[in-house]
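*Asks:* sequence first, predicted coordinates after that:
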Amino acid sequence: MNKFLNIALVSAFALCATGCEDYLDTNSPSISDREFVFSSEESARGALNYGYELLRANRNIHSVGIYWSPIWGSDMEGLQDAYSDGDTGQQEKGFYPTGTSAVNINGLQGWEVFGDLYKTIGVCNALIDSFESLPNFNELMSGEPNSLSDIYGQSVALRATCYFELCRYYGDVPMVEHAGESAKGIKSRFAIYDWCVSKLKYVEPHMYRVGENGVRADVMNRNYVQGLIGRIALFNSGYCTRRTDLDAGFYVDGDGEVLSFDDLCVEDTQNKAVYGRRADWRNILEEARPYLEACAQQPGGIQFYLSDPRGTDSQGRVYNCPSQYMFNQMHKDNSIDIADESVYEIPFMYNGGADRPGYIGRAAPQGGNYGAPCAACGQNRIQPHVYYGWFDPDDARRDASCCVTGSNGGAEVLLTFDCGAWGSQGITCNKWDWNRMKKPDTATYGNSAINVSYMRMADVYLMLAEVYAALGQDGQAKTWLQKVHNRNFPGGVDSKLDAWIAACGNEFKSTEWSAMYKAVIKERALEFVGEGVRRFDLIRTGFLPEAAVNNRRDMTKVLQDIQSKGYAEFENGNQLPAYVWVKTVDSRAMNGYRLTAGTPAGQEDDPVLYPGWRGVHDDWDGVLGSFGYSLVNKTLTNVAIKGLFEYVAPGSSQAQAWEAEGYVMTNWGIDLIKDEKNWETHAYKVLAGITDADYQARKSPVTVRPFRYQDLLNSGMTNGYGFRQE
């Protein structure tokens, strides 16, 4: 790196934070408080790594705080806590059922994310400006990728990622293009999206793919930039709620041209908002398509497994879920391994404070420090009709993604639908689990060291399938859809795929989209359950209002059927019963292991092995022993469950036979009825800000979060959508 870069970087970093620090209240020291002296490529990379660290350390984006909104607020996921109209966070997740004017804008979770993202943007702007001021900049950005062009490209990608997060959560936000500029006022999100994409397109050919020049998926790379262009395009072209209280001509594209819109709903005159999409949405998707194609067809060192490479281990566990393999790879110990399927992954070191599974992984009710595992409330819950009705029973992702048991004190426990049982309420997300680490840190809450896959190849395939389907190319869409779908079925083929696609066409009444398009969106729901994707997919596809109505309809039927018949039945043949029968056993004595994998073929009647992907760590006692602790119960560690997917009447001959074997009848679906009032307000109100009457009247939903008072005070912004200004 030459002296020009050195001088430019020093000057830029002296100013890079002033654009946001003058009005955003942040807890971290500003960049200008650090001494930045750049004399080599390595020191410039160090500055870039500081930007990455700001993003990684901002857990509100990917683990807690603001991230809880999408993982709690869709027609698939719900929170464990009892519903409260006074909970500001729950108001946001439910699309403001008591009205936006009642929201305490200073009481929202994860408020720090707004300022923190602008900190990262400040670092990126400083690096970008420095590179662009080099006399030999054009030479660096010509021909094949080189180390400096790649650093520059990563800076552009990191900045675009921050703006993407800001726009999808807040809508129209301040835009700062250069170091030292103040973040004042707001700019059309569509102009920001267009600008970010134009910059990404410029750097894309000058960056390394994963596997080239030592590049791994723990930094932003050419594959990620290609995928990010597609991801931004889907939001830029999709439905969203925009303000109507702004000056005419506010909503412009990246060239400053005033946009026209196709509105799906009528204007909400009270909140001054309308729900629609850009009229030129097809052009945006057409421009993004070749980048998604390039990412899918030229993945570099990224792997997409069509079968599970683990096979059967020495203890007899059967691994039959290739998508679970990716999550398993992120359950590392004392290393920074990256999952093979990740396009970009946010890495955490061992004991590094990652919140998966502490907040959004498999539940560990009543746990504590050295609790095998330590406390893990697992606040992300899967709605019961999704677990029972949305997944085909042959789809290996159901059990690898969702679980009816948690772990507590080294033992497996059946969860419950009793809303009063802390940490236990409802079906838990099973993608992150302390039990699947060789030596989990059980000393402190949240230190799991499990990485965050910010983009993976399954997402790229499904984004590409969605673009094809949206543009009327169903045949090509199916090619990429079935790659993700089929690998999760026995033999890598779902013989009912065509029938399933046709059935997806009836899920929403909208005639705008084909059955193939709706199938792609449903596949995204199944693939990303528990990951905070569904909420945004519903918003940008325009399915949100109808999904809210459908969700209440489905939950109502479940409650009514359990109350009247003792069970709810679904089209796939599954039954959600009022009661199940359980007993505790030692699976290691029975099967040679306590932590199960996939259910072996032909053993679906085994109450310990089915459903699969549960149990507990094979040697919690050994893990705790290394910390100076010991398990109380070393043998009865697993739960055997009977009647989970079929109704058996209490007192029947079958029930009596199970009870003679030591099984105990245990509340299951009946607790949905016992807590019906709370489930009515809790589960139903996940989307209660969009009522049935709103849907019929085509009222525009409010889908963004407000700015807090301190941000408004110092930035010249105002809140729209009916939110308060103080």
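*Replies:* Looks like it arrived, so ask away. These figures come from a predicted structure and were not determined experimentally.

*Asks:* ok, residue 182 - how many residues close by?
*Replies:* 16 (other Cβ atoms under 10 Å). To be clear about C-beta, it is placed using only N, CA and C from the backbone, and glycine gets the same treatment.

*Asks:* how about it, secondary structure?
*Replies:* coil (DSSP: H, G, I helix; E, B strand; the rest coil).

*Asks:* from residue 110, how far out is it?
*Replies:* 24 Å (Cβ to Cβ, to the nearest Å).

*Asks:* repeat that for residue 154.
*Replies:* 25 Å.

*Asks:* out of those two, which sits in the more crowded spot?
*Replies:* Neighbours were counted for residue 154 and for residue 110 using other Cβ under 10 Å; residue 154 has more, 26 against 22.

*Asks:* where do the strands sit along the stretch 1-150 of the chain?
*Replies:* Applying DSSP state E, counting those that start in this stretch to the stretch 1-150 of the chain gives strands spanning 77-79.

*Asks:* ok, now the stretch 401-550 of the chain?
*Replies:* Under DSSP E, counting those that start in this stretch, the stretch 401-550 of the chain gives strands at 402-403, 405-408, 411-414, 427-429, 452-456.

*Asks:* what's the burial count for residue 213?
*Replies:* 12.

*Asks:* contacting residues for it?
*Replies:* Residue 213 makes contact with 145, 147, 150, according to Cβ atoms under 8 Å, 6 or more residues apart in numbering.

*Asks:* where in the stretch 601-726 of the chain is pLDDT low?
*Replies:* 675-686 (pLDDT under 70).

*Asks:* now for the strands of the stretch 401-550 of the chain, which one comes closest to residue 556?
*Replies:* Of all the strands of the stretch 401-550 of the chain, the one in closest proximity to residue 556, counting by Cβ to Cβ, is strand 427-429 (18.5 Å).

*Asks:* distance of the spatially most distant residue from the centre of the chain from residue 604?
*Replies:* In the chain, residue 653 marks the outermost C-alpha relative to the chain mean, sitting 44.6 Å out by Cα atoms, centre = their mean. Distance of residue 653 to residue 604, given as Cβ to Cβ: 22 Å.

*Asks:* ok, now residue 529?
*Replies:* Residue 529 is 21 Å from residue 604, by Cβ to Cβ.

*Asks:* same question, residue 592
*Replies:* Counting by Cβ to Cβ - residue 592 and residue 604 are separated by 19 Å.

*Asks:* how about the strands of the stretch 201-350 of the chain, start to end?
*Replies:* Under DSSP E, counting those that start in this stretch, the stretch 201-350 of the chain gives strands at 240-243, 261-263, 273-278, 342-346.

*Asks:* let's have the ones you listed in TSV, adding mean pLDDT, distance to residue 86 and mean neighbour count.
*Replies:* Shown next, in TSV, are the strands of the stretch 201-350 of the chain (pLDDT from 0 to 100; distance: least, Cβ to Cβ, whole Å; neighbours: other Cβ atoms under 10 Å):
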stretch	mean pLDDT	distance to residue 86	mean neighbour count
strand 240-243	98	24	23
strand 261-263	97	33	15
strand 273-278	98	24	22
strand 342-346	95	33	24
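
*Asks:* rebuild those as TSV, extending it with distance to residue 84.
*Replies:* Putting those into TSV (distance: least, Cβ to Cβ, whole Å) gives the following:
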stretch	distance to residue 84
strand 240-243	25
strand 261-263	34
strand 273-278	25
strand 342-346	32
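
*Asks:* hang on, the earlier thing: among the contacts of residue 213, name the buried ones.
*Replies:* For the contacts of residue 213, a burial check counting by 16 or more other Cβ atoms under 10 Å picks out 145, 150.

*Asks:* quick one: which of the contacts of residue 213 is nearest to residue 340?
*Replies:* Of all the contacts of residue 213, residue 340 sits closest to residue 150, with 21.5 Å by Cβ to Cβ.

*Asks:* now that closest one: how far from residue 45?
*Replies:* In terms of Cβ to Cβ, residue 150 sits 9 Å off from residue 45.

*Asks:* who's in contact with residue 188?
*Replies:* 172, 250-253, 259.

*Asks:* may I ask which of those residues has the most neighbours?
*Replies:* Of these, with other Cβ under 10 Å as the count, residue 172 tops at 23 neighbours.

*Asks:* helices or strands up against the lengthiest helix in the chain?
*Replies:* Longest helix in the chain, counting residues (DSSP state H): helix 147-170. On a contact count with 3 or more Cβ pairs under 8 Å, 6 or more residues apart in numbering; DSSP states H and E, helix 147-170 meets helix 41-57, helix 112-132, helix 137-140, helix 189-203, helix 222-236.

*Asks:* of those, which is nearest residue 420?
*Replies:* helix 112-132 (31.6 Å).

*Asks:* got the angle for the closest one vs helix 41-57?
*Replies:* Between helix 112-132 and helix 41-57, the angle comes out at 160 degrees (axes from the mean of the first three to the mean of the last three Cα atoms, to 10 degrees).

*Asks:* residues of helix 112-132 that come out buried?
*Replies:* 112-131.

*Asks:* show the average pLDDT along it.
*Replies:* Averaged across helix 112-132, pLDDT comes to 92.

*Asks:* show me where pLDDT drops low in this protein?
*Replies:* The model of the chain has pLDDT under 70 over residues 1-40, 80, 333-336, 350-355, 357-358, 366-368, 375-376, 444-447, 675-686.

*Asks:* sorry, back to before: which one of the contacts of residue 188 is nearest residue 278?
*Replies:* Once Cβ to Cβ is applied, the member of these that ends up nearest residue 278 is residue 259, at 5.6 Å.

*Asks:* leaving out sequence neighbours, find the closest residue to that closest one.
*Replies:* Spatial nearest neighbour of residue 259, excluding adjacent residues (Cβ to Cβ, 6 or more residues apart in numbering): residue 251 at 5.0 Å.

*Asks:* same question for residue 468.
*Replies:* residue 477 (3.8 Å).

*Asks:* burial count for the one you found?
*Replies:* Neighbour number of residue 477 under other Cβ under 10 Å is 25.

*Asks:* do the same with residue 142
*Replies:* 11.

*Asks:* quick check: phi and psi at it.
*Replies:* Backbone torsions for residue 142, taken as degrees, to the nearest 10, come to phi -130, psi 150.
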